[in-house]
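> quick one: sequence plus predicted model below, questions after.
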Amino acid sequence: MPKQIIGEEIVVEGVKISLSEGVIAGNDVLLSGWIALTEDGEVKLDGDIREQTVLTMKTIERVLAKAGCTLEDVTRSLVVLKHREDFTGFNEAYGEFFPTEPPARTTIIAELVHPDVLVEIEMTARRPI
């Protein structure tokens with residue numbers, strides 16, 4: 001079965017970004033790394049770690065929905081935080097989206113693509129059969 005691209009072409013500040021919102025490959029849904037965006041797809045980086053995490057997770061929910069999935073279908077996440085001291089605030093906000101049965105998760109600290117990005121989250125889900 002060929003892969004299926006999720007979503008539209010991604011343009012940030014007038015520049016086409018060479019990535020897909022996500023890819024469906026068989027029953028797997030692989031999302032790109034996401035940062036804090038408004039519902040209109042505008043980058044919103046003036047918030048603290050909690051606000052950026054919530055906006056990022058809401059974006060992920062919208063992308064998952066395009067693939068017929070919800071957060072309940074997520075099996076794995078990769079989280080990149082800019083600052084180690086943001087872990088507690090991130091973890092509290094993230095946990096609100098997974099009150100039970102959270103996915104497997106790796107969290108790392110690293111420099112991110114834009115200086116105001118505090119968190120980037122990538123997820124993998126299984127499509128419901």
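Arrived safely. Numbering: from 1, shown residues only.
> for the closest residue to E8 other than its chain neighbours, give me the pLDDT.
Leaving aside its sequence neighbours, E8 sits nearest to E21 (C-beta to C-beta, 6 or more residues apart in numbering; 7.1 Å). For every residue, glycine as well, the C-beta is placed using N, CA and C. pLDDT for E21: 94.
> is it true that E21 touches I10?
Yes. Applying C-beta atoms under 8 Å as the test, E21 and I10 come out as touching, 6.8 Å apart.
> got any ranges where this protein has weak pLDDT?
The chain contains no residues with pLDDT under 70.
> helices of that one, start to end?
49-66, 87-97 (DSSP state H).
> contact partners for the residue nearest to E8?
Neighbouring residues of E21 by C-beta atoms under 8 Å, 6 or more residues apart in numbering: I5, I6, G7, E8, I10, L31, S32, V63, K66.
> neighbours of the first one, how many?
Using other C-beta atoms under 10 Å as the criterion, I5 is surrounded by 11 other residues.
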